[in-house]
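K.L.:
sequence and predicted structure are below.
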Amino acid sequence: MSIPVQRYRRNKILGDQTSPELFYLKPVAGQTRVYSIDDVAAEAETVGALSAEDMVHAMKSFIRSLRKILVRGDKVKIEGLGTFHTTFNCIGAEEEKDCTVKNIRKVNVRFSVDNTLRLVNESNATTRAADNNVSFYIKGETVTSSGGNSGGGDDSGGGWIDPTA
């Protein structure tokens, strides 16, 4: 399965209208699905020994435990997936006595992907058809047997979007 992308044109330096316009790629809007815990559980049930109901219960328990651990300021490393940890944003103070926990504006949950999960662009990968390879195609263009775009296409504007239109 491939991920549809489309071309769009924008200035190289976003705020500078005099900078040259370049083409970039972005995912096609509305093409991705959002999976719920129930959907993931149903998917896992087809390849595992647990029922979908057991998977839902296990994932909800995992989320509750993850929240408890992160609230304590600790990290959670899941082998083959990655590490969850917290960060925060704090405003500065000129005097040390004015630097208190009230200066913390926002707390974030961050995720660092495990190296075994990192995905690679299949067209640049050294190993073809590996589990972590992701293939892409430009929407509106014909796809060759090697997975790339042939450069030809239909009448959909060549697969790029004019952001000024």
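P.N.:
Ah, there it is.

K.L.:
per-residue confidence averaged over stretch 139-154?
P.N.:
When pLDDT is averaged along stretch 139-154, the result is 56.

K.L.:
typo on my end, it should be stretch 111-118
P.N.:
Taken as a whole, stretch 111-118 carries a mean pLDDT of 88.

K.L.:
ends of it, what's the gap?
P.N.:
Taking C-alpha to C-alpha, to the nearest Å, the first and last residues of stretch 111-118 lie 13 Å apart.

K.L.:
name the residues that touch that stretch?
P.N.:
Ile78, Glu79, Gly80, Leu81, Gly82, Thr83, Phe84, His85, Asn132 (C-beta atoms under 8 Å, 6 or more residues apart in numbering). Where C-beta positions appear, they are placed from N, C-alpha and C, glycine not excepted.

K.L.:
from those, which two are the most distant?
P.N.:
Greatest spacing in the contacts of stretch 111-118, by C-beta to C-beta: His85 and Asn132 (22.9 Å).

K.L.:
domain-wise, how is the protein divided?
P.N.:
For the chain, automatic domain parsing gives the domain ranges 2-31+75-161, 35-72.

K.L.:
make CSV from these and add mean neighbour count to it.
P.N.:
Shown next, in CSV, are the domains of the chain (neighbours: other C-beta atoms under 10 Å):
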stretch, mean neighbour count
domain 2-31+75-161, 12
domain 35-72, 13
